[in-house]
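> predicted coordinates and the sequence they were generated for:
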Amino acid sequence: KQIFKCFSCGKGGNVFTFVQDYEKIPFIDAVRKVANLIGFHSDELDKPVRAVDNSTKQVLSALKEASVLYSFTLKTNQGTKGAEYLKKRNISEDMSDYFSLGYCPEDGESSIKILRAKNISIESLDKAGIVVRENNRFLDRFKGRVIFPLFNEYDEVVGFSARRINDSDEAKYVNSINTDVFNKSKVLYNYQNALKEAHEAGYVYVTEGFMDVFALYQSGIKSSVALMGTAFTKEHAKLLKKLNVEVRLCLDGDEAGQHGMLKMLDILESEKIKYRIVNYKDCLLDPDEILQKYGSEVLKKFSSRLFERDDFVFQYYLKKYDLKTSDGKRDFSNQLVDYASKLKNPIDREILLKKISEKTGISYESYVKITNQLEVNTEKEITKKNNEL
């Protein structure tokens, strides 16, 4: 069946992930190794490993070693508090291994001393955003926190997000600062695993945060990524496009989450990415909250309830405006007619305009007239701009 399964620990996967885990090497190296074993040749696999300068190599090495150290610490007596926190959040040891979770010792000094003992310079630790100077001491920026490593598309650790586990007044999360290898607007959480899982699943879910990714994982959905509280960017879209699967938007059910998905649509369209949107209906919870309140089966069923773009936009504005008032009808109509005027497919436009008419009681013919005029105005504006160039 071209799969492996350990009935003791529960770990499983395909031939590539077996070699990756057994040899402890990046995914693409595992693919190359399997190809060599069976005598398979491909020009894609012959492409050279990306070249980086020596300084960048040292920073990436520092980040990798730090991630290994944090993961190891989580399983020691020093990491007891971190392990207890994850247990309370229903995150198992297997999940911790799968997501490479870790814990940074509370003292702030021991992790830096261990990393320096591995011949990693303070300069590299500083460039990696790990070390801070405090009272003439070098301390770990993430001390006393649960660690979420952040990977790039090459399966390299490029930064960390660290979660507070006590009730102090400190910030809930401490994230890596922008460095030469890390920029939050260019990284998606769990992308390294999505690279392996998306092709087999045929889709990838986009969520808001780590816990939503974990919740989907617990409901049997491994192909998911998270934005980590930042706006969706073209760089994010390009990463998703490389997966070459359907993107399923699954941000939170509240107004902020729904509006966030609305803003993502134009970027996804511009990159010609196939996508659908999870239909929250009247639910205001996020995936993690749904899991905690209703269980994994409900979350799995919920996440498979999907909208096409036009239906999502219609429902979004339907919730936003009160159609019992004249102002509500006007604002609802203006938003959707403007949207309809930009639809290229006449069938899609007709379906939408008829739905608007049914909801408002305003004639379909009125909407057609307004939409056509908006389209003409838009074309005139585009022509004017082109002539000015």
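Alright, I've got the coordinates.

> what residue is smack in the middle of this protein?
Ala226 (2.2 Å; CA atoms, centre = their mean).

> show me what contacts that residue?
Shown in contact with Ala226 (CB atoms under 8 Å, 6 or more residues apart in numbering): 188-190, 206-210, 212-213. All C-beta atoms are positioned from the backbone trio N, CA, C, and that covers glycine.

> and for Val245?
198-199, 201-204, 223.

> lowest pLDDT pick from those?
The lowest pLDDT within the contacts of Val245 belongs to His199, with 86.

> residues contacting that residue?
Counting by CB under 8 Å, 6+ apart, His199 has contacts 243-245.

> could you do Gly129 as well?
141, 159, 176-177, 179, 182.

> follow-up on the earlier one: who wins on neighbours among the contacts of Val245?
Neighbour tally across the contacts of Val245 (other CB atoms under 10 Å): the maximum, 28 neighbours, falls on Val204.

> identify the bridge partners of that one.
Beta-bridge pairing of Val204 under DSSP bridges involves Val247.

> how close does it get to Ser100?
19 Å (CB to CB, to the nearest Å).

> point out where this protein drops to low pLDDT.
24, 44, 46-50, 378-389 (pLDDT under 70).

> what subset of the contacts of Gly129 is buried?
With burial judged by 16 or more other CB atoms under 10 Å, the buried subset of the contacts of Gly129 is 141, 159, 176, 179, 182.

> mind telling me what element the second one is part of?
I take that to be Gly159. Counting by DSSP states H and E, the element that carries Gly159 is strand 157-164.

> what strands line up against that strand, and which way round?
Short version: by DSSP bridges, strand 157-164 pairs with strand 145-151 (antiparallel), strand 173-175 (antiparallel).

> Asp252 should be in a helix, yeah?
No - looking at Asp252 with DSSP: H, G, I helix; E, B strand; the rest coil, it is coil, so not inside a helix.

> thought it was touching Val206?
No - Asp252 is beyond contact range of Val206, at 11.7 Å (criterion: CB atoms under 8 Å).

> the two: who's more crowded?
Val206 (28 against 22).

> what does that one show for phi and psi?
Backbone torsions for Val206, taken as degrees, to the nearest 10, come to phi -110, psi 120.

> residues contacting it?
By CB under 8 Å, 6+ apart, the neighbours of Val206 are 188, 224-227, 232, 240, 247-251, 264.

> Throw the residues you listed into JSON lines and include distance to Ala194, thanks.
What follows is the contacts of Val206, written out as JSON lines (distance: CB to CB, whole Å):
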{"residue": "Leu188", "distance to Ala194": "8"}
{"residue": "Ser224", "distance to Ala194": "7"}
{"residue": "Val225", "distance to Ala194": "5"}
{"residue": "Ala226", "distance to Ala194": "10"}
{"residue": "Leu227", "distance to Ala194": "13"}
{"residue": "Phe232", "distance to Ala194": "15"}
{"residue": "Leu240", "distance to Ala194": "9"}
{"residue": "Val247", "distance to Ala194": "11"}
{"residue": "Arg248", "distance to Ala194": "12"}
{"residue": "Leu249", "distance to Ala194": "14"}
{"residue": "Cys250", "distance to Ala194": "13"}
{"residue": "Leu251", "distance to Ala194": "16"}
{"residue": "Met264", "distance to Ala194": "17"}
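
> ok, of those, which one's closest to Phe18?
Ranked by distance to Phe18 (CB to CB), the contacts of Val206 are led by Ser224 at 22.1 Å.

> which one is the closest one nearest to, not counting chain neighbours?
In this structure, Ser224 finds its nearest non-sequential neighbour in Tyr205, 3.9 Å apart by CB to CB, 6 or more residues apart in numbering.

> just Glu246 next, same as before
Per CB to CB, 6+ apart, closest to Glu246 is Tyr203, 4.5 Å.

> for Gly159, see how far away Ile25 is.
For Ile25, the distance to Gly159 equals 21 Å [CB to CB].

> picking that back up, got the contacts of Val245 as a markdown table, with distance to Ile351 columns?
A markdown table is the format used below for those (distance: CB to CB, whole Å):
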| residue | distance to Ile351 |
| --- | --- |
| Ala198 | 31 |
| His199 | 33 |
| Ala201 | 30 |
| Gly202 | 27 |
| Tyr203 | 25 |
| Val204 | 28 |
| Ser223 | 31 |
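
> show me where the stretch 1-150 of the chain has its helices.
Secondary structure of the stretch 1-150 of the chain, counting by DSSP state H, counting those that start in this stretch: helices at 15-23, 27-38, 54-74, 80-88, 93-98, 110-117, 122-127.

> what's the closest of the ones you listed to Ile277?
Ranking the helices of the stretch 1-150 of the chain by proximity to Ile277 (CB to CB) places helix 93-98 first, at 26.7 Å.
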